[in-house]
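**Q** compute the structure for the input listed below.
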Amino acid sequence: LPMAEWYLNVMALSAIAVVLFLGGWSGPRILGPLSPYFWFLAKTFGLVFFVMWLHWTLPRFQAKDVTEIAWRIMLPLALLNVVVTATVVYFFGGS
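**A** As a prediction, the model looks like this:
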């Protein structure tokens with residue numbers, strides 16, 4: 001039953017992502033007036049397939065590994081990003 005919850009979450013978030021980022025129920029005009037339900041479901045299930053493919057393909061990280069990546073790699077990159085952005089704005093003028 002916990003896996004059913006995960007699958008339902010993936011489907012719900014895929015449907016939301018389709019509406020927000022993939023044009024919702026509109027399809028390509030070249031194919032004519034196909035049903036908007038078809039396009040919405042096709043895009044949603046395509047995104048569900050992509051998410052599940054990623055989930056099954058990529059290795060699983062333990063919490064310790066994710067924390068280590070966050071502290072050793074992501075935090076220095078974020079600080080470098082702030083410094084570089086501030087330098088660019090200072091020298092090239094932001095309004």
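**Q** burial check on W71, number of neighbours?
**A** 10 (other Cβ atoms under 10 Å). (Each C-beta comes from the backbone N, C-alpha and C, glycine too.)
**Q** residues touching it, list them.
**A** Not one residue lies near W71 by Cβ atoms under 8 Å, 6 or more residues apart in numbering.
**Q** so how far is Q62 from it?
**A** Noted for W71: a distance of 15 Å to Q62, by Cβ to Cβ, to the nearest Å.
**Q** and the one helix or strand A17 maps to, what does it pack onto?
**A** Element membership of A17, judged by DSSP states H and E, is helix 2-21. Under the contact definition 3 or more Cβ pairs under 8 Å, 6 or more residues apart in numbering; DSSP states H and E, helix 2-21 sits against helix 36-57.
**Q** and the residue most central in space within the chain, how far from T87?
**A** Ranked by distance to the mean C-alpha position of the chain (Cα atoms, centre = their mean), the top residue is A17 at 8.2 Å. Taking Cβ to Cβ as the measure, A17 falls 35 Å from T87.
**Q** could you do P33 as well?
**A** Counting by Cβ to Cβ, the gap from P33 to T87 is 53 Å.
**Q** so between those two, which is more surrounded?
**A** Legend: neighbour count by other Cβ under 10 Å for P33 and T87, higher for T87 (10 against 7).
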